[in-house]
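**Student:** Here is the input, now give the coordinates:
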Amino acid sequence: MLSTMSKTGTQSRRQRRQKRLNWKLLLSLFSLLFILSGLLLSHWLFVFRVTKSYSTSATASIANNTVVYASHFSLNSKKLQAQTVSVKNYQLTKRQGKRVLLAKITASDKTYFVKADSLTLNQTNTINQYVAQVGYPKVKVKSKDEGFSQSSYKTASGNPKGIVIHDTGTEDSTIAAEVSYMKSSYEETGVFVHTFIDSSQILNIANVGQMAQGAGAKANPYYIQFEMTHVYTQADFANQLANAAYYSALMLKTYHLPVTKGQKDGSGTVWTHEMVSLYLGGTDHVDPTDYWSSTAKQLFGVDYDVDDFIELIQAYYNSL
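**Tutor:** All right, here's what the predicted structure looks like:
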């Protein structure tokens, strides 16, 4: 009898110890889950998570009390006074489920991160400076679907991976006339673009979420395409470039794409039709290079090329 009672007591003590161990283990697991949850929440709330980045070389101005970050942790911030800074790269990030464009800058020999909309870029081209002086105007994008047959982009995501810029090559023409001609010749040529741009309007005539047929088989499956009509005064040319840069920035921002120049290896998001011909292949075209250069020289006495246009796009992109 005593032996049986002894065994029962021993088993009871073992069970109690095991229960205490189980509770300790559960508490430890709960504490670990709590800590991990806190870390994940902190990461979501306070850390800028970089999804894409691209290099640049520009100068910009910041205003008094501009908030900058010493790292991608948003609580690690300070305020700088008004000064000129060097912009080294841009970073497409996410924080609290929202997209945030950061710029990596150098100020007083120190590196910081700043929200790009806090920067005022210093434009190097005379025409871009003109656009900056009039406050980077934005016109509303209008849409009128003209019923062109379209199919999906051939990218893995089904979204475009950049833009291609054309000019109409026609003197003294209008958007209305160009759209009418494109519609009337479509059955024969199969050619159309997504959008037309002049000095006062941005007119979308086809779904930018699907392919256009304006730059050949190497480009059509991948890029949004727009045409620029020819204009003839300083104000009109500057405003047209402003409209085109705003539209380009809007499209790139919509599809979470960086502002990068097209390259021989097919990378990059901003392409002229001439660059498509040179780097990707297809029929030889020089648009809009000749139109930009000749018009800029005639009206402003300066040159204008795709690098200048990208500089203007970036200013609009930062503000969106």
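**Student:** can you give me the helices for this structure?
**Tutor:** Assigned by DSSP state H, the chain shows helices spanning 2-46, 126-133, 175-189, 234-254, 273-275, 289-300, 306-319.
**Student:** so for the first one, what's the average pLDDT?
**Tutor:** Same thing as helix 2-46. Taken as a whole, helix 2-46 carries a mean pLDDT of 57.
**Student:** and if you look at stretch 112-119?
**Tutor:** The average pLDDT within stretch 112-119 is 98.
**Student:** What residues of that stretch count as buried?
**Tutor:** 112-116, 118-119 (16 or more other C-beta atoms under 10 Å). C-beta: built from backbone N, CA, C; applies to glycine.
**Student:** Return the distance of Thr66 relative to Gln150.
**Tutor:** 44 Å (C-beta to C-beta, to the nearest Å).
**Student:** hang on, I meant Thr283
**Tutor:** Computed as C-beta to C-beta, the Thr283 to Gln150 distance reads 21 Å.
**Student:** how many neighbours does Ser173 have?
**Tutor:** A total of 14 residues lie near Ser173 under the criterion other C-beta atoms under 10 Å.
**Student:** Ok, the one 4 residues further on next?
**Tutor:** Neighbours of Ala177 under the rule other C-beta under 10 Å: 13.
**Student:** Now do the same contact list for it.
**Tutor:** By C-beta atoms under 8 Å, 6 or more residues apart in numbering, the contact set of Ala177 is empty.
**Student:** can you check Leu203 too?
**Tutor:** Leu203 sits in contact with 142-144, 175, 179, 195-197, where contact means C-beta under 8 Å, 6+ apart.
**Student:** now it, nearest residue through space, not along the chain?
**Tutor:** What sits nearest to Leu203 in space, not counting adjacent residues and going by C-beta to C-beta, 6 or more residues apart in numbering, is Phe196, at 4.9 Å.
**Student:** surely the one you found meets Ile205?
**Tutor:** Yes - contact criterion C-beta atoms under 8 Å: Phe196 and Ile205 qualify, at 6.8 Å.
**Student:** so what sits against both of the two?
**Tutor:** Joint contacts of Phe196 and Ile205 (C-beta under 8 Å, 6+ apart) are Val179.
**Student:** Output the contacts of Leu203 as CSV; include the columns pLDDT.
**Tutor:** Shown next, in CSV, are the contacts of Leu203 (pLDDT from 0 to 100):
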residue, pLDDT
Lys142, 98
Ser143, 97
Lys144, 96
Ile175, 98
Val179, 98
Thr195, 98
Phe196, 98
Ile197, 98
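**Student:** any idea which of those residues is the one closest to Ile224?
**Tutor:** Minimum distance to Ile224 across those is 7.6 Å, recorded for Thr195 (C-beta to C-beta).
**Student:** What sits closest to Asn64 if chain neighbours are left out?
**Tutor:** Ala82 (4.7 Å).
**Student:** Next: Val67.
**Tutor:** Ser77 (5.4 Å).
**Student:** Next, work out how far apart the one you found and Val306 are.
**Tutor:** 36 Å.
**Student:** Same question for Phe46.
**Tutor:** 38 Å.
**Student:** So between those two, which is more surrounded?
**Tutor:** Neighbour totals were compared for Phe46 and Val306, and Val306 leads with 19 against 14 (other C-beta under 10 Å).
**Student:** tally of neighbours for Tyr136?
**Tutor:** Neighbour number of Tyr136 under other C-beta under 10 Å is 19.
**Student:** wait, I meant Glu187
**Tutor:** Residues near Glu187, counting by other C-beta under 10 Å, number 7.
**Student:** Over to the one 10 residues further on?
**Tutor:** Counted with other C-beta under 10 Å, residues neighbouring Ile197 total 29.
**Student:** That one against Glu227, yeah?
**Tutor:** Yes - Ile197 lies in contact with Glu227 (C-beta under 8 Å); the separation is 7.1 Å.
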